[in-house]
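> Let's see this in three dimensions:
(one chain, ligands or ions: 1)
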Amino acid sequence: MCIFAPMKTNVNLRPYNSFGFDAIAKYFVEINAINDLQTLIRSGELKKHKTLILSGGNNVLFQEAVFEGLVVYINTKGLEILSEDENEVVVRAQAGEDWPDFVRFCVCKSWHGIENLAHIPGKVGAAPVQNIGAYGMELKDSLLQCEAIAMETGETRVFTKEECRFGYRESIFKNELKGQYVITSVDFLLKKNAPLNLEYGNIKAYLEQNGIENPTLQQLHDAICAIRDSKLPDVKQIGSAGSFFKNPVIDREQYEALQKKYPDMPHYDEPNGKVKVPAGWLIEHTSPSALRQAQGPQCSGTSWKGWLDEHVGVYEKQALVLVHYGGGKGQDIVELAQRIQDSVEAKFGIKISPEVNFV
Ligand code: EPU
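Next up, the predicted model:
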């Protein structure tokens, strides 16, 4: 076999997953150029192994100590302006570009459209897969199109925004075409002048507290970074995958019944008449003993929030985030997540499901 990128064996994936779990990849190849990926595909090598395409590793949970297959780590770099006029710019980012760096770059250039997605760990190529979203903005709002390579043939295909079939943390790449394409670059349509979106949650409160009346694009970006830092763990210090669960969407009837019992339960009305409920709130308001499980060593037992097992737990500042304090294994998170899901369902009758990909 002749490929440009050398294939390594028995590579520890700890630096490649933000949970920081040890998992050995039987085979591992790093892709620094799209041609190398196409050569790899056309060599037939992917068909010989169970294959995992790995980007930033910020949304994966390695359940086993060994991944008995081939990990293809996408690390292509490059930014290119495709077109520009006085109002807007189309910029192409290669899949392996760091997402927070890319957002920072666009903000420095005064290009609007992705500033509320600041500081989300990950790489550009993974962003469309789950249509990353935060603070009232989603990737789909500024994505023009993306380019991907078919894992079967190595052929390039362009997906328009419509073809990506975006939804809340959803896209065609997670559903109908799961495992069939590798996103290689994303084109963004960004505005040179646009109103800032300050509506979500505590952005306004944060700006007010800091004496900022009419924020600039840069000030909004920095505010979002600070708000995230105050609520989410720094993955360099504590392993996590950001939000572990998706916010569930329930029928209005069920919401109204729950609302009578729990008048403080936050909620967001969905366009289809259903209601989205924050999973973080449900988890915070469920106790580990809802299922009469043994209590953790350092937990009052009144809420999952701040729960600590030996190596893993529920982050003390945000119940939606499961954390790995070191020395644990993927199965510890799998088991904890299951207990949380079961107890939330027992208390509220709502099934919450992981946003994180189990490998
Ligand atoms: N809440 C609690 N307890 C908690 C956490 C949240 O009661 O421990 C309540 C909050 O008080 C608030 C509501 O839940 O009323 C929503 O919380 P928050 O605004 O923090 O947002 P979220 O729904 O928990 C989502 C995204 C985050 C994103 C934030 C900000 C999902 C699954 N998560 O979280 O995305 O940063 O909104 O826009 O939609 C990620 O995907 O990794 C991620 C961090």
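
> switch to C-alpha atoms for all contacts and neighbour counts from now on
OK.

> Run a quick neighbour tally on Glu310.
14 (other C-alpha atoms under 10 Å).

> Looks to me like it is in a strand.
No - assignment of Glu310 by DSSP: H, G, I helix; E, B strand; the rest coil gives coil, placing it outside any strand.

> what about it, distance to the ligand?
21 Å (C-alpha to the nearest ligand atom, to the nearest Å).

> Report the residue ranges of every domain in this structure.
8-74, 79-191, 239-351 (automatic domain parsing).

> Now mean pLDDT too, for those domains, in a markdown table please.
Shown next, in a markdown table, are the domains of the chain (pLDDT from 0 to 100):
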| stretch | mean pLDDT |
| --- | --- |
| domain 8-74 | 95 |
| domain 79-191 | 97 |
| domain 239-351 | 91 |
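
> now those domains in a markdown table, with distance to Asn197?
A markdown table is the format used below for the domains of the chain (distance: least, C-alpha to C-alpha, whole Å):
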| stretch | distance to Asn197 |
| --- | --- |
| domain 8-74 | 26 |
| domain 79-191 | 7 |
| domain 239-351 | 17 |
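
> quick one: which of those domains is nearest Pro233?
Across the domains of the chain, Pro233 has its closest neighbour in domain 239-351 (7.3 Å, C-alpha to C-alpha).

> Take that closest one and give me the span from its first residue to its final residue.
Taking C-alpha to C-alpha, to the nearest Å, the first and last residues of domain 239-351 lie 25 Å apart.

> for stretch 323-335, same thing?
OK, stretch 323-335 end separation, C-alpha to C-alpha: 13 Å.

> can you pull the buried residues of it?
By 16 or more other C-alpha atoms under 10 Å, the buried positions in stretch 323-335 come out as 323-326, 328-330, 332-333.

> Repeat that for stretch 176-186.
Within stretch 176-186, the residues scored as buried using 16+ other C-alpha under 10 Å are 181-186.

> Same question for stretch 212-228.
217-218, 220-225, 228.

> What is the most widely separated pair among the residues you listed?
Farthest pair in the buried residues of stretch 212-228, by C-alpha to C-alpha: Leu217 and Arg228, 16.7 Å.

> Keep only those of the buried residues of stretch 212-228 that are in strands.
Per DSSP state E, strands hold no members of the buried residues of stretch 212-228.

> which one of the residues you listed is nearest Tyr16?
Of the buried residues of stretch 212-228, the one sitting nearest to Tyr16 (C-alpha to C-alpha) turns out to be Arg228, at 21.8 Å.

> Against the ligand, how distant is that closest one?
7 Å.

> same question, Ala150
27 Å.

> Any idea what that residue is bridged to?
Ala150 forms beta bridges with Tyr181, as assigned by DSSP bridges.

> contacting residues around it?
156-157, 180-182 (C-alpha atoms under 8 Å, 6 or more residues apart in numbering).

> swap in Phe188?
By C-alpha under 8 Å, 6+ apart, the residues touching Phe188 are 90-92, 142-145.

> Give me the next element, helix or strand, following the helix or strand it falls within.
Taking DSSP states H and E as the definition, one finds Phe188 inside strand 181-191. Remark: after strand 181-191, the chain's next helix or strand is helix 203-209, criterion DSSP H and E.

> what does the chain put close to the ligand?
134-135, 201, 242-243, 245-247, 266, 278, 280-281, 284, 318-320 (C-alpha under 6 Å from any ligand atom).

> Quickly name whichever of the residues you listed is closest to Glu208.
Gly201 (12.9 Å).

> In contact with that closest one, which residues are there?
The neighbourhood of Gly201, defined by C-alpha under 8 Å, 6+ apart, consists of Tyr135.

> Then Glu355?
Contact analysis of Glu355 by C-alpha under 8 Å, 6+ apart lists 59, 169, 243-246.

> And it, how far from Val60?
9 Å.

> Over to Ala194?
Ala194 is 34 Å from Val60, by C-alpha to C-alpha.

> and the two? which has more neighbours close in?
Val60 (22 against 14).
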